[in-house]
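> Next come a sequence and a model predicted from it.
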Amino acid sequence: MPEVKPLPARSVVLSLLLGAHPRPLTGAELVGAGEHLGIAPATVRVALSRAVAAGDVTREGAEHRLGRRLVERRERQEHTARAAAWDGDWEMVVVTVAGRPGTERSALRSRMAAARLAELREGVWTRPANLERPTPADPTTTLFRARPDDDPAALAARLWDLRGWAEEAERTTAALAEAATPATRLALAARLVRHLAADPLLPASLEPHAWPAARARAAYDDYQRDLVAEVLGGTVASSSP
């Protein structure tokens, strides 16, 4: 089993609100869920208050919801995750402005990675054009559509560590199924959903045999439903990226 540490109280609060979204949760529900996960009520209350102060959680009376920033991030992830039919084209983003500060280069790299593009070489980002979203734009870049002359599956294998991603997904999915304590299961679920955010979302024809992404997403969604039903007595829709 991968080595995991229990999540801090703030992460537990946000995970519960994410799992229940769009249903709001009361402070009492969050405290009760925290106790189920081995977190003292006072610790949950402090974490909740700090999350509200930071804008990560909103409060209306007794009800708490995810803050706008986290809701928008979740929506971006879900939008990015929608795949379309693939015609063989690849997106390509080329940096065309030199001399940018390091902070700007780092921010662009983060945006490209969040959009599931990989860096072919410095300043050149690409991926199969199979996602239902605009190619990320930036004033310092130029966008292209292209088709590689080489085998696209071999190119995908060069751009992403597909074997490493699959092994980690399988390892974490298995550990989640075997974990005995609620706190460990939550920590593993959080690890799994972070890993799913790095799935390159390739067309099926470019995925290695027995690609485990769908099984990992199903395991995470099942866990979220079980968690909400077990500690909150409710239901929850799919929320994996």
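Perfect, I can see it now. Residues are numbered from 1 along each chain as shown.
> Report the contact partners of L188.
Going by C-beta atoms under 8 Å, 6 or more residues apart in numbering, L188 touches 2, 4, 172, 175-176, 179. Every C-beta, even on glycine, is put in place using the N, C-alpha and C of the backbone.
> Which member of these is positioned nearest S11?
When those are ranked by distance to S11 (C-beta to C-beta), V4 comes first, at 12.2 Å.
> so that closest one touches A187, yeah?
Yes: if you go by C-beta atoms under 8 Å, V4 and A187 touch, sitting 4.3 Å apart.
> who has more neighbours, these two?
Higher neighbour count among V4 and A187: A187, with 23 against 19, using other C-beta atoms under 10 Å.
> check which helix or strand covers the more buried one.
Applying DSSP states H and E as the criterion places A187 in helix 182-196.
> and what of R171?
Per DSSP H and E, R171 falls inside helix 162-178.
> Averaged over its residues, which helix or strand of the chain has the lowest pLDDT?
Ranked by mean pLDDT, DSSP states H and E, the helix or strand of the chain with the weakest confidence is helix 68-80, at a mean of 71.
> And the next helix or strand past that helix?
Per DSSP H and E, the first helix or strand lying C-terminal to helix 68-80 is strand 90-95.
> Run the angle between the helix or strand just after that following strand and strand 90-95 for me.
Note on strand 90-95: by DSSP H and E, the next helix or strand toward the C-terminus is helix 102-114. For helix 102-114 against strand 90-95, the angle by axes from the mean of the first three to the mean of the last three C-alpha atoms, to 10 degrees is 180 degrees.
> where does this structure dip in pLDDT?
Applying pLDDT under 70 to the chain flags the ranges 1-3, 75-82, 232-241.
> Centroid-nearest residue for it?
Centrality entry for the chain: nearest residue to the mean C-alpha point is A197, 3.4 Å, by C-alpha atoms, centre = their mean.
> And that residue, how far from R158?
According to C-beta to C-beta, to the nearest Å, A197 stands 21 Å off from R158.
> swap in T172?
The gap separating T172 from R158 is 25 Å, by C-beta to C-beta.
> who has more neighbours, those two?
Using other C-beta under 10 Å, the more surrounded residue of T172 and R158 is T172, with 25 against 12.
> In this structure the more buried one contacts H195, no?
Yes: here T172 reaches H195: they are 6.2 Å apart, a contact under C-beta under 8 Å.
> Next, show the common contact partners of these two.
Taking C-beta under 8 Å, 6+ apart as the contact definition, T172 and H195 share the neighbouring residues A216.
> My reading is that H64 is in a strand; is that accurate?
Yes: counting by DSSP: H, G, I helix; E, B strand; the rest coil, H64 is part of a strand.
> Check the gap between it and V31 for me.
In terms of C-beta to C-beta, H64 sits 11 Å off from V31.
> Neighbour count for those two, which is higher?
Using other C-beta under 10 Å, the more surrounded residue of H64 and V31 is H64, with 23 against 20.
> check contacts around that one.
Contacts for H64 (C-beta under 8 Å, 6+ apart) come out as 17, 24-27, 30, 48, 52, 57-58.
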